[in-house]
Structure formats: C-alpha cells, structure tokens
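Enquirer: fold the following, please.
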Amino acid sequence: MSHTAHIPSHRKPRRSASKLALRAGVAGGVLSTIAVAGAAGPANAEPVTETIEMPTLGSLGTDLASAVSASAEASQQEALDQHLLAQENAALQKAAQEAKKAKAEADRKAAAERAEKARAEAEAKAERERAEAAERAARAQARAQLATTSASTSDDSGSSSYDSSGSSESSRSAGSDSGSSASEEETTQAPVSGSTAAIVSFARAQVGDAYVSGGTGPNSWDCSGLVQAAYRQANIDLPRISYQQSSMGTSVSLSDLQPGDILYWGSRSGSYHVAIYVGGGMYVGAQNSSTGVVERSLDWDPPSGAVRIL
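Expert: Alright, predicted model coming up:
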C-alpha cells in the first residue's frame, strides 16, 4: 500500500456523467425556449422600462396591524351600539309598564269617583223622595183634619143658617109688595161668623205687633206664623212654611174672595209670602220688620193668588 493511501484528498469529487448530462439538457432547454420566445415576439417591441415594486415584509406588517385595529374598533363600536340599544329597549319597556300602571290607577280612581257620585245622587234622590212623601202625608192629614173640622162646623151652624134663611125669606116675603125694590138694593158682604170669624178676629187683633223672622207669637210674628196661629183658632193645623200653606185647600180667584181665604205672593207651590183676607178688600199680614203686622188694601200690594181652606 502506498504511504499516501490514508491522506484525504482536497480535490472536489468528480460529478458523475449522468448528472452533468441532465444539467446540460435543462440548460439547453431553457435557452432554446428563450430564443424561441424572442423570435416569436414583435420586431418593434419596446424594452421593459418599468419595474414592479413588491411589498416588503415591514409594510405588510403595518397594514395588517391597521386592519386588526380597525376591526377591533368596529367590534367595540358594534358592542357599544348593541348595549345602547338594549338600554333603550329596557327604558321603553319600563316606560310602557309605568304608563300601563298609571292608566290602571287612573281608571280605578275614575271608577271610584263614579261610584261615589252615583251613591251621592242615590242618597239625594232618596232624601227628596222621603221629603216629598212626608209632605204628601202632611197634606193628606191636613186635608183630612180640614174635612172633619168643616163637617163639624157645618153641623154646628146648620140651625143658625136655617134660622137666618127663614128670616131672610120672611123679609123677602114682606117686601114682595114693593115689586123690584129688593133687587135694587146694593149687594153687601155677608157677615163673618163661626170659624171664619175666629180667624179674622185673631188676625186683626195682632195688628201692630212686631215682625220677626221665624216668629210665632204671641207678640211677634212672621207671615206664615201669623196665618198658622189664626187658623189654629178654628182648630185647623196648617203647615209652618208659606209655600206649604199656599199649597193647601182649593185655589180661588181674587175676584171671588171670602174672609178667611189665604192670600199668597209668588207661585202657589213656591210662595214667599202669605196673609189673611179679612173682607172689604182688605187683608192682614205680617209684612216686614219695618211695618210689622198691618191691615192693608189689596191695591197696596196685590197678591198673586188665593186658596180657600174653609
């Protein structure tokens, strides 16, 4: 063996012939392709003078960071918008619930007020009906008492009326010889007697007494108090109030008055003043605090109407 057999060689190893042939073939193919392409191109083709600048890795990183930041901001804005929308929906829902609750409370109060108003109206109506019923009962009782008193008075005065009629007939018989002399006599008012006389006499006896609102005697009166006291002399109990007194008895014309009739001022069912007709075109009444109880002519203060109790 040679003494240099174990010393490594510093020369490059030789390539194999096959590899060299392969590389030569590839290079030749590329060159032929380039040559064909050049021959196929237009004869007047201009050489390429522009170059395309390829993005660097640094610019790509900056653009990516900007896109990520913009996406994050958009996501954050979307989340904020969703939060605000949720708050707005919650506020609207709460307002709707409160409005519904307020409406229910208002409806409840309105229903309670209507019920209270209906109850008050029902009570007022019932009270009016009770008052009207009591007034009707009082009128019926007064009419019954008046009918009883009138019947007893007629029975008591029957004989005297008969005697008076007999004497009047005798007078007319005695004067029949004088022809029409009786018809030519002036008509005079019949004398007041019985219950009517008691009423008229009592009323005239109070002339000069004072007028006091609500007065019922014995020395001061108001208009209805005097009429009530006068009729009590004939055992007739009249209501205390003037409009109640004028609603009693039977309505009579002012041209057909008789002593004892009740005169009234105002409407019959709503009179504000009453007095007693005493005959001869005169009446007695408690007028006011200035005049007291006076006897006056009908012309002095003409009444609105009259009623007859007896």
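Enquirer: the strand or helix carrying residue 200 - contacts with which helices or strands?
Expert: Element membership for residue 200, per DSSP states H and E: helix 194-205. Here helix 194-205 touches helix 57-156, helix 223-232, strand 270-279, strand 282-288, going by 3 or more CB pairs under 8 Å, 6 or more residues apart in numbering; DSSP states H and E. (Glycine included, C-beta is placed from N, CA and C.)
Enquirer: the same query, at a cut-off of 6 Å, please.
Expert: For helix 194-205, the elements it packs on are helix 223-232, judged by 3 or more CB pairs under 6 Å, 6 or more residues apart in numbering; DSSP states H and E.
Enquirer: so after the helix it packs on, what's the next helix or strand?
Expert: Per DSSP H and E, the first helix or strand lying C-terminal to helix 223-232 is helix 242-246.
Enquirer: now that following helix: average pLDDT?
Expert: Averaged across helix 242-246, pLDDT comes to 95.
Enquirer: quick one: residues in contact with that helix.
Expert: 224, 227, 238-239, 264, 268, 270-271, 274, 307 (CB atoms under 6 Å, 6 or more residues apart in numbering).
Enquirer: the helix holding residue 200 vs helix 223-232, what angle?
Expert: Put simply, helix 194-205 runs at 140 degrees to helix 223-232, going by axes from the mean of the first three to the mean of the last three CA atoms, to 10 degrees.
Enquirer: buried ones among the contacts of helix 242-246?
Expert: Buried positions within the contacts of helix 242-246, assessed by neighbour count (16 or more other CB atoms under 10 Å), are 224, 227, 238-239, 264, 271, 274, 307.
Enquirer: out of those residues, the closest to residue 130 would be?
Expert: Taking CB to CB as the measure, residue 239 is the one of those closest to residue 130, at 16.5 Å.
Enquirer: hmm, back to that, so after the helix holding residue 200, what's the next helix or strand?
Expert: Heading C-terminal from helix 194-205 (DSSP H and E), you reach strand 210-211.
Enquirer: right, and the helix or strand after that next one?
Expert: Following strand 210-211 toward the C-terminus (DSSP H and E): strand 220-221.
Enquirer: rounded mean pLDDT for that next one, please.
Expert: On average, strand 220-221 scores 95.
Enquirer: so which elements touch it?
Expert: Contact partners of strand 220-221 among helices and strands, from 3+ CB pairs under 6 Å, 6+ apart: none.
Enquirer: now the buried ones among the contacts of helix 242-246 in a markdown table, with distance to residue 281 and pLDDT?
Expert: Shown next, in a markdown table, are the buried ones among the contacts of helix 242-246 (distance: CB to CB, whole Å; pLDDT from 0 to 100):
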| residue | distance to residue 281 | pLDDT |
| --- | --- | --- |
| 224 | 23 | 96 |
| 227 | 19 | 97 |
| 238 | 24 | 96 |
| 239 | 27 | 95 |
| 264 | 17 | 97 |
| 271 | 21 | 95 |
| 274 | 18 | 97 |
| 307 | 18 | 97 |
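Enquirer: could you dump those residues to JSON lines with distance to residue 294?
Expert: What follows is the buried ones among the contacts of helix 242-246, written out as JSON lines (distance: CB to CB, whole Å):
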{"residue": "224", "distance to residue 294": "16"}
{"residue": "227", "distance to residue 294": "14"}
{"residue": "238", "distance to residue 294": "21"}
{"residue": "239", "distance to residue 294": "23"}
{"residue": "264", "distance to residue 294": "17"}
{"residue": "271", "distance to residue 294": "19"}
{"residue": "274", "distance to residue 294": "14"}
{"residue": "307", "distance to residue 294": "21"}
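Enquirer: of those, closest to residue 197?
Expert: Nearest member of the buried ones among the contacts of helix 242-246 to residue 197, counting by CB to CB, is residue 227, at 16.2 Å.
Enquirer: pLDDT weak spots in this protein?
Expert: 1-61, 128, 131-193 (pLDDT under 70).
Enquirer: now with 50, please.
Expert: 150, 153-190 (pLDDT under 50).
Enquirer: buried sites along stretch 100-108?
Expert: Here stretch 100-108 shows no buried residue, counting by 16+ other CB under 10 Å.
Enquirer: cool, stretch 277-289 as well?
Expert: Applying 16+ other CB under 10 Å to stretch 277-289 flags 277-279, 282-287 as buried.
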